[in-house]
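Chemist: This is the structure alone, sequence omitted:
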C-alpha cells in the first residue's frame, strides 16, 4: 500500500462558519428553520437568488466542512494517510480591510492547532513514518484585502514559522484586480523567498453571459459554472500571470494549480502560439514586452498540478505538460459528496480520480505511487 | 509521403468581402487610405475601438483570404494535398433575416464552383488518387438568421446535392440563443438524416469581464480572447448541447469540434462528474431530465476533433478522449501567418501542429498517416 496524500481538501473552521453566519450578502451561511437540516452556504451569485426559498438556497454544509473528525473518517475510508487541508473558497477575499489581518491570523492559528493536535494523537512518540499514521498539514489563508501588501507579506513569513503550514491558498482576484497586478510583486517575492507553495484555486467562475445569460447558466444547476467556469477562471488567472511576466520576474515561484491546471495543460500550446503571433509582443515594433519564458518551461519549472481531473484524457495532458513528478493526488473533499446519501461508501468523485491515475500508467509503474503521495511528500517536505 | 488533408482552413470569397465592405458595424472591412496596405477586417468587439485609428483597427486581410491561388500555394508549401475549405467566422450570423437565404446560396454555390474548377484543373481526366493531386472540398455556410428553420433545413439538403460540399460550418449562437435551443431540432434532424458533418467553430469568445474587464483583455492584444476565449466558447457550446440532450435525441449527429474540442477532451471527466453530482438531475427528486449518454460515449461516437492544438499535451488528451481515428489534421489558414513577413517559409503555426502529431506517436505508427489525412478521407468520403 503506497503512501497516499490528499493535497486538495478543504475546511471551514468553526470560527469561519460563525463569521459567515453573521453575514447577509454572499458569502453567507443560513440555518434552515428545520434544525434537522444542515446549514446552507451561499457562495455563488447565481445561488443568491431571491426566487429560491432561503432554506433551499446554495448548498448544504454539513459537519464534514467544520468537524475535522469527519474528514479523518473520510480519509480512513479512502485509504488516505495525510491531508494537506486548506480553507475553502471564498477564503478571506470579502473581508473589510481592517478585519483581514485579524481573521487570517486567527484562522491560520486555528488550522495549525488542529493539525498539531491530530498529528500528536496519531504519533505521540514521533516515531512513525508518514504511511503508518493519519496526519494533517495545511495551506494558510492570506489577508489579501488588508490595507497594505506588507500585512500579507508578514503573514506569509509568519506562516513559515508554523510547523504544519506548507504554503498558502489563494483565489484569482489577488488585490482585487487579478494576478497580473504589479502591486502583487512584494507578495510574489515573499512567496518565492520563503519557497512557500501557492495553491491557486478558483471561486469567481465566469460571468453568466459566457454561458448564454443567467437563465441559461442556471438551467443545468451548477454544471456550467463548476465544470467549465471554475477551470477557465484558473486558466485565465495563471495565463495573466504568464503574460505579465510574473514568472520572468520570480523564476522560483511555486504554484500548485487546482483541477490539474483548469485547462492550462490542454491550452498551453495554443497560448504559446498566440503569444508568438501577437503583434503587440513582436520584438521590433511591438508596444508591450511579452513574456520571456515559454509556457512549457513554466509548466515544467514553476507549476504543480493536482490530479483532480476525473479522467485519463485530462491526466495525460497534465503529465505531458508538467511531468509525472509534479502531479499530486487530491479529492476536493468535502465537495462532490455522493447524492444518494450513501456516505458510508467510497465517494465516486474520489474513486474516479483513483481509477484515472491507475489507468494512466502501466501496472507497477512507480509513477502511480509518486502521484498518489510520493510527490507531495517530497515537494512539501511532509514527514 | 502520406496523404495530407487540411480540414480546418478558411476563406472569405470575394463576394463576402464586398458585402463586408458595405458595412459600418462589426463585422466590417475597411480599406486603409494607403492603397498598398491590406484591407482591415474588424470582427471582434474588442477590435472595434474608436481610440484605435481606423487604418490600424482589426487585422489585415490580404489575398490569402479571398484568392484561392494563394491558398493553393500555401498548400503546396506545406505538403497539403487536399483542403476542406470553410467560410471564416462570423459566417452569415449577422445578416438581416430577409437576406440570409440569398447569401447562403450565393456563397455556397461560389465555393462549390471554386472547388470544381480547381479539382478539374488538377485532374482533368479524373484518374488520379487523392495524394497525387491538389484538390478542394468544402463545408457550407447556413442561413441561420433566416425567418424560419425550414430555410436552413432546405439549404442543408441542397448542399448535399453539391458535389464538393461535405457538411456545414456553424458558430455557437445557433438561432441566437445557443446550441441548446430546442428550435434547432429540425436542423439537427436534417444534419443527422443527411449525415452531414457539422464543423462547430468559435467566434464570439467570452465577455471581457471574464478576463478582468476590457482594459485587462486588451492589455495583451488578442492573446486572451483567442487563446482562451475561443476554446472555451466551443466547450460551452458543445456542453450545452450535451446537457440539453441533443445527442440523446440525435444519436447519429456528427460534430467536428474546432481546436481539438476547445477544452472538451480535458474537461470531459469534470463535466461528467458535475452532471453526476447535480441535484437537478438526480433521478428521483431532480426537476430536470439530465443527459442520458455519458460525455465519453458522445466523444467516441458523435465527436470528431481537429488536431489544431499546437502541442502533444493537448493532442494526448484529444486522442484519449475520442480516439486517433477521429482526429483530423488542420491548419487554421489563413489565420496565424508568420509575423516576420517571411511568407516564403513554412508557417510556424502549421509546423507546430505537424511536429505535435509526429511527437505524439511512435515512429512508423500508422496513426500519424491516419491523423494527417487518412481519417479525413474516410470520414468525409474524399476522392
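Modeler: Happy to help now that I have it. In this text, all values refer to a predicted model and were calculated from it rather than measured experimentally. Numbers count the residues shown, from 1 in each chain, chains lettered A, B, ... in the order given.
Chemist: Now do the contacts for the closest residue to chain B within the stretch 151-300 of chain A.
Modeler: Closest residue of the stretch 151-300 of chain A to chain B, C-beta to the nearest C-beta: residue A:269 (2.8 Å). Every residue, glycine included, has its C-beta placed from N, CA and C. Contact analysis of residue A:269 by C-beta atoms under 8 Å, 6 or more residues apart in numbering or on different chains lists A:295, B:309, B:310, B:311, B:313, B:314, B:352, B:356.
Chemist: Residue B:211: which of those residues is nearest?
Modeler: Lowest distance from residue B:211 to the contacts of residue A:269 (C-beta to C-beta) belongs to residue A:295, with 17.0 Å.
Chemist: Switch the contacts of residue A:269 over to CSV; also include distance to residue A:63.
Modeler: Below are these laid out as CSV (distance: C-beta to C-beta, whole Å):
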residue, distance to residue A:63
A:295, 42
B:309, 44
B:310, 47
B:311, 44
B:313, 40
B:314, 41
B:352, 51
B:356, 48
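Chemist: Can you list which of the residues you listed are found in helices?
Modeler: A:295, B:313, B:314, B:352, B:356 (DSSP state H).
Chemist: out of those residues, which is most surrounded?
Modeler: Most neighbours among the ones in helices among the contacts of residue A:269, by other C-beta atoms under 10 Å in any protein chain shown: residue B:314, with 33 neighbours.
Chemist: distance of that one from chain A?
Modeler: In this view, residue B:314 and chain A are 5 Å apart by C-beta to the nearest C-beta, to the nearest Å.
Chemist: you'd agree that residue is up against residue A:317?
Modeler: Yes - in this structure, residue B:314 is within contact of residue A:317 by C-beta atoms under 8 Å, at 6.1 Å.
Chemist: Next, show the common contact partners of those two.
Modeler: With C-beta under 8 Å, 6+ apart, residue B:314 and residue A:317 have common neighbours A:265, A:266, B:265, B:266.
Chemist: Hmm, the last one is touching residue A:266, no?
Modeler: Yes - with contact taken as C-beta under 8 Å, residue B:266 and residue A:266 are classed as touching, separated by 3.8 Å.
Chemist: which residues do those two both contact?
Modeler: By C-beta under 8 Å, 6+ apart, the residues touching both residue B:266 and residue A:266 are A:314, A:317, B:314, B:317.
Chemist: how many other residues sit next to residue A:6?
Modeler: 28.
Chemist: Next secondary structure element downstream of the lowest-mean-pLDDT helix or strand in chain A?
Modeler: Lowest on mean pLDDT, DSSP states H and E among the helices and strands of chain A sits strand A:59-60, with a mean of 84. Remark: after strand A:59-60, the chain's next helix or strand is helix A:68-77, criterion DSSP states H and E.
Chemist: Let me see the ranges of the helices in the stretch 151-300 of chain A.
Modeler: In the stretch 151-300 of chain A, the segments counted as helices under DSSP state H, counting those that start in this stretch are A:185-193, A:214-219, A:223, A:230-243, A:246-249, A:264-276, A:295-301.
Chemist: now the stretch 201-350 of chain A, which segments are flagged as low pLDDT?
Modeler: Applying pLDDT under 70 to the stretch 201-350 of chain A picks out residues A:283-284, A:342-344.
Chemist: Report the beta-bridge partners for the closest residue to chain B within the stretch 1-150 of chain A.
Modeler: Using C-beta to the nearest C-beta, the closest approach of the stretch 1-150 of chain A to chain B is made by residue A:59 at 8.6 Å. Counting by DSSP bridges, residue A:59 is bridged to residue A:41.
Chemist: Need the residue closest to the centroid of chain A.
Modeler: residue A:201 (3.8 Å; C-alpha atoms, centre = their mean).
Chemist: tell me the SS of residue A:126?
Modeler: When classified by DSSP: H, G, I helix; E, B strand; the rest coil, residue A:126 comes out as coil.
Chemist: Residue A:83 too?
Modeler: Assignment for residue A:83 (three-state DSSP): strand.
Chemist: Run through the residues of the stretch 101-250 of chain A sitting next to chain B.
Modeler: A:177-178, A:180, A:206-207, A:209-212, A:216, A:219-224, A:226-228, A:231-232, A:235-236, A:239-240, A:243 (C-beta under 8 Å from any C-beta of the partner chain).
Chemist: hang on, the earlier thing: so what's the residue of the stretch 1-150 of chain A closest to chain B up against?
Modeler: A:40, A:41, A:47.
Chemist: Most neighbours among those residues, which one?
Modeler: residue A:41 (22 neighbours).
Chemist: Tell me who's in contact with residue A:350.
Modeler: So residue A:350 contacts A:78, A:331, A:333 (C-beta under 8 Å, 6+ apart).
Chemist: Looks like residue A:313 contacts residue B:268 (just checking).
Modeler: Yes - assessed by C-beta under 8 Å, residue A:313 is found in contact with residue B:268 at 5.9 Å.
Chemist: overlap in contacts of those two?
Modeler: Contacts common to residue A:313 and residue B:268, judged by C-beta under 8 Å, 6+ apart, are residue B:321.
Chemist: can you count the residues close to residue A:99?
Modeler: 14.
Chemist: scratch that, residue A:185
Modeler: Neighbours of residue A:185 using other C-beta under 10 Å come to 14.
Chemist: right, and it touches residue A:245 too?
Modeler: No - Residue A:185 lies out of contact with residue A:245 (C-beta under 8 Å); the separation is 10.5 Å.
Chemist: Which stretches in chain A count as strands?
Modeler: Taking DSSP state E as the test, the strands found in chain A are A:5-11, A:28-30, A:40-42, A:59-60, A:82-87, A:135-141, A:165-170, A:197-200, A:255-257, A:303-306, A:327-328.
Chemist: so who does residue A:289 touch?
Modeler: Taking C-beta under 8 Å, 6+ apart, one finds A:245, A:281 in contact with residue A:289.
Chemist: any idea how far it is from residue A:280?
Modeler: Per C-beta to C-beta, to the nearest Å, residue A:289 is found 9 Å from residue A:280.
Chemist: With residue A:47 instead?
Modeler: Distance from residue A:47 to residue A:280, by C-beta to C-beta: 38 Å.
Chemist: do the same with residue A:228
Modeler: With C-beta to C-beta as the criterion, residue A:228 and residue A:280 are 28 Å apart.
Chemist: the more surrounded of the two?
Modeler: residue A:228 (28 against 18).
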